[in-house]
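**Student:** next one to model:
(one chain, ligands or ions: 1)
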Amino acid sequence: MDLALITGGSRGIGRATALSLAQAGYRVAINYRQRAAEAASVVAEIKAQGGSAFALQADIGDEAQVIRMFAELDQQKGALRVLVNNAGILFTQCRVEDLDAERIQRVFATNVTGTFICCREAVKRMGTHHGGKGGAIVNVSSAASRLGAPGEYVDYAASKGAMDTLTKGLSLEVASQGIRVNSVRPGLIYTDMHADGGEPGRVDRLASALPMGRGGQAEEIAAAIVWLASDAASYVTGTFIDAAGGR
Ligand code: NAP
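**Tutor:** Reported below is the predicted structural model:
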């Protein structure tokens, strides 16, 4: 059974994606940072549906923990064929003039450096130049990379911009080694993340101004991620799906 690893698979978009990847026939590795109970409940839900999954704790903002996580993945049967870089963080809404270096570095450590290191470890395992069978990487970026998130979290938006450049550059680097690298850029999706920004009701506040007039559901993002990871997208690399209700 092929393996699919999803970072931040314990909640929100990651959880929905883990469930869909299991339905697509992968044995799913569900990475989480600290909420072990949530990760265990996703594993249990997948197993109850007849799928296969296990949880892997690691803070992807810490290189040593990522290396340890991939070493644990190597102990499992099956080849890694899909990596979804979904884990991402943001902090309380504020203006750039109120940001400090420590916060910016924390955002970039997880969203940018962590994604880079996960990509590096996946390429070493998937790349045909390393004896791998090929695979697909999907980076979960954000509409914020296009919109800039002014007055909210420009640091977060900039980290997603860096992820977009990683998606493009890495896709070209590994296109001839059997690895496709693509991205989904969600808009306003109903998850816990907005509470981390200090406004749990943010999606409802902004939804009526969206072209579609509503916020999105995690399952609507998972569908785009799973399509990009699938053989149905076999000739697609270095591209972005904007799943943002027309925004
Ligand atoms: P969420 O509900 O806040 O869930 C975040 C997930 O990431 C959790 O599983 C969390 O694990 C994990 N995580 C956070 N930091 C981590 C780290 N350092 N190492 C490992 N895991 C970590 O977030 P979400 O809304 O589903 O967002 C998922 C992705 O979509 C993010 O990249 C986000 O930027 C992007 N996105 C979201 C929206 C939106 O409106 N929600 C819009 C655009 C883009 P624990 O459970 O252990 O904390």
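**Student:** spatially central, which residue of the chain would that be?
**Tutor:** Taking Cα atoms, centre = their mean, the centroid of the chain lies closest to Asn86, which sits 1.4 Å from it.
**Student:** quick check, pLDDT for that one.
**Tutor:** Looking at Asn86, its pLDDT is 98.
**Student:** give me the phi and psi angles of it.
**Tutor:** Backbone torsions of Asn86, given as degrees, to the nearest 10, read phi -110, psi -30.
**Student:** so it touches Leu5, yeah?
**Tutor:** No - with the criterion set as Cβ atoms under 8 Å, Asn86 and Leu5 do not qualify as a contacting pair; they are 10.0 Å apart. (C-beta placed from N, C-alpha, C; glycine too.)
**Student:** where do the strands sit along the protein?
**Tutor:** Assigned by DSSP state E, the strands in the chain fall at 3-6, 27-32, 52-57, 80-85, 135-140, 179-186, 240-243.
**Student:** got the contact list for the residue nearest to Arg11 when sequence neighbours are not counted?
**Tutor:** For Arg11, ignoring the flanking residues on the chain, the nearest one in space by Cβ to Cβ, 6 or more residues apart in numbering is Glu38 at 5.5 Å. Contact partners of Glu38, counting by Cβ atoms under 8 Å, 6 or more residues apart in numbering, are Ser10, Arg11, Arg15, Tyr32.
**Student:** for the ligand, see how far away the first one is.
**Tutor:** Here the distance between Ser10 and the ligand works out to 4 Å (Cβ to the nearest ligand atom, to the nearest Å).
**Student:** what of Ser20?
**Tutor:** Taking Cβ to the nearest ligand atom as the criterion, Ser20 is separated from the ligand by 14 Å.
**Student:** what do you get for Leu210?
**Tutor:** 12 Å.
**Student:** mind listing what that residue touches?
**Tutor:** The contact partners of Leu210, by Cβ under 8 Å, 6+ apart, come to Gly187, Leu188, Ala244, Gly245, Gly246, Arg247.
**Student:** ok, and which of those residues reach the ligand?
**Tutor:** Leu188 (Cβ under 6 Å from any ligand atom).
**Student:** and the two most separated of the contacts of Leu210?
**Tutor:** Leu188 and Gly246 (11.3 Å; Cβ to Cβ).
**Student:** what about those two, which has more around it?
**Tutor:** Applying other Cβ atoms under 10 Å to Leu188 and Gly246 shows that Leu188 carries more neighbours, namely 21 against 9.
**Student:** if we can go back for a sec, distance check, the residue nearest to the centre of the chain against the ligand.
**Tutor:** The gap separating Asn86 from the ligand is 5 Å, by Cβ to the nearest ligand atom.
**Student:** check Gln105 too.
**Tutor:** Gln105 sits 13 Å away from the ligand, taking Cβ to the nearest ligand atom as the criterion.
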